[in-house]
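K.L.:
can't give you the sequence, but here's the structure:
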């Protein structure tokens with residue numbers, strides 16, 4: 001795959017660039033935000049869902065470390081209809097004012113995407129394309145390795161959209177190289193509103209996973225904000241008859257610290 005070969009070449013050059021990087025002044029800064037959302041419906045359609053997320057960032061000198069944790073749980077007509085847990089760790093090392101090398105780890109457990117888990121590790125280069133008072137745009141390209149555990153899901157045919165799975169059969173693990181692409185965009189619309197979009201693509205010969213998170217955030221105070229989010233996740237080759245595309249809409253309360 002061309003993108004994989006290009007990404008591997010960038011990774012090989014990363015240590016050379018890191019050695020040449022100037023030493024930054026020692027600075028430390030910790031920040032984070034947590035968000036939670038809940039939706040319940042009654043009447044002809046009964047269901048409830050909840051999602052929580054925690055994002056932590058720690059800057060020290062030329063390094064930036066980030067940890068993102070997220071969980072989604074949903075029920076419809078008393079049946080579990082969504083359950084996903086995600087953890088992402090990334091460390092960036094600046095090599096110039098706009099460029100950095102990175103290493104990342106990602107783990108996801110989703111009860112309904114046809115994989116018991118998807119775990120990956122990657123190394124690469126990142127670059128801040130644009131950064132001013134209203135707009136931030138950064139992109140990164142790398143290469144890595146992924147381990148997945150697909151499973152066959154057997155469900156009861158129903159006329160409503162809710163699927164009831166009665167059997168899960170684990171399949172052999174799959175291991176393969178990936179090329180990874182990330183794009184992070186933030187646009188400040190007014191003094192209190194921000195639009196953001198975060199894209200991640202892990203492309204491999206067996207499966208390509210794409211996630212995209214779009215969020216519209218309105219601040220109500222220095223610490224609190226309201227957020228509307230739309231997330232899509234696409235696995236190009238899920239096992240069996242599982243749908244390859246999932247989408248989630250959320251409304252959240254956000255607390256920054």
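P.N.:
Thanks, I have the structure now. Just so it is clear, the model here is predicted, and its values are computed rather than measured.

K.L.:
In the stretch 101-250 of the chain, what residue spans correspond to helices?
P.N.:
For the stretch 101-250 of the chain, helices defined by DSSP state H, counting those that start in this stretch do not occur.

K.L.:
which stretches of it have low pLDDT?
P.N.:
For the stretch 101-250 of the chain, the stretches with pLDDT under 70 are 155-166.

K.L.:
need the strands for it, in chain order.
P.N.:
For the stretch 101-250 of the chain, applying DSSP state E, counting those that start in this stretch gives strands covering 115-131, 135-156, 164-170, 174-188, 193-204, 208-219, 224-235, 245-256.

K.L.:
Distance from the longest one to the middle of the chain?
P.N.:
Shown here is strand 135-156, whose average C-alpha point lies 9 Å from the average C-alpha point of the whole chain (C-alpha atoms, centre = their mean, to the nearest Å).

K.L.:
do the fourth one as well
P.N.:
Here strand 174-188 shows a centroid-to-chain-centroid distance of 8 Å under the convention C-alpha atoms, centre = their mean.

K.L.:
now the strands of the stretch 101-250 of the chain as CSV including mean neighbour count?
P.N.:
C-beta coordinates here come from the backbone N, C-alpha and C atoms, glycine included. Below are the strands of the stretch 101-250 of the chain laid out as CSV (neighbours: other C-beta atoms under 10 Å):
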stretch, mean neighbour count
strand 115-131, 18
strand 135-156, 18
strand 164-170, 11
strand 174-188, 18
strand 193-204, 18
strand 208-219, 18
strand 224-235, 17
strand 245-256, 15
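
K.L.:
Out of the ones you listed, flag the one nearest residue 32.
P.N.:
Of all the strands of the stretch 101-250 of the chain, strand 245-256 sits nearest to residue 32, with 7.5 Å by C-beta to C-beta.

K.L.:
Pull the contacting residues for residue 139.
P.N.:
Neighbouring residues of residue 139 by C-beta atoms under 8 Å, 6 or more residues apart in numbering: 126-127, 129, 181-184.

K.L.:
what bridges to it?
P.N.:
Residue 139 has these beta-bridge partners by DSSP bridges: residue 127, residue 183.

K.L.:
do you know how far it is from residue 236?
P.N.:
21 Å (C-beta to C-beta, to the nearest Å).

K.L.:
Any idea which of the strands of the stretch 101-250 of the chain gets closest to residue 94?
P.N.:
Residue 94 lies closest to strand 115-131 among the strands of the stretch 101-250 of the chain, at 9.6 Å (C-beta to C-beta).

K.L.:
and that closest one, what does it pack onto?
P.N.:
helix 2-19, strand 99-110, strand 135-156, strand 174-188 (3 or more C-beta pairs under 8 Å, 6 or more residues apart in numbering; DSSP states H and E).

K.L.:
who wins for proximity to residue 167 among the ones you listed?
P.N.:
strand 135-156 (4.1 Å).
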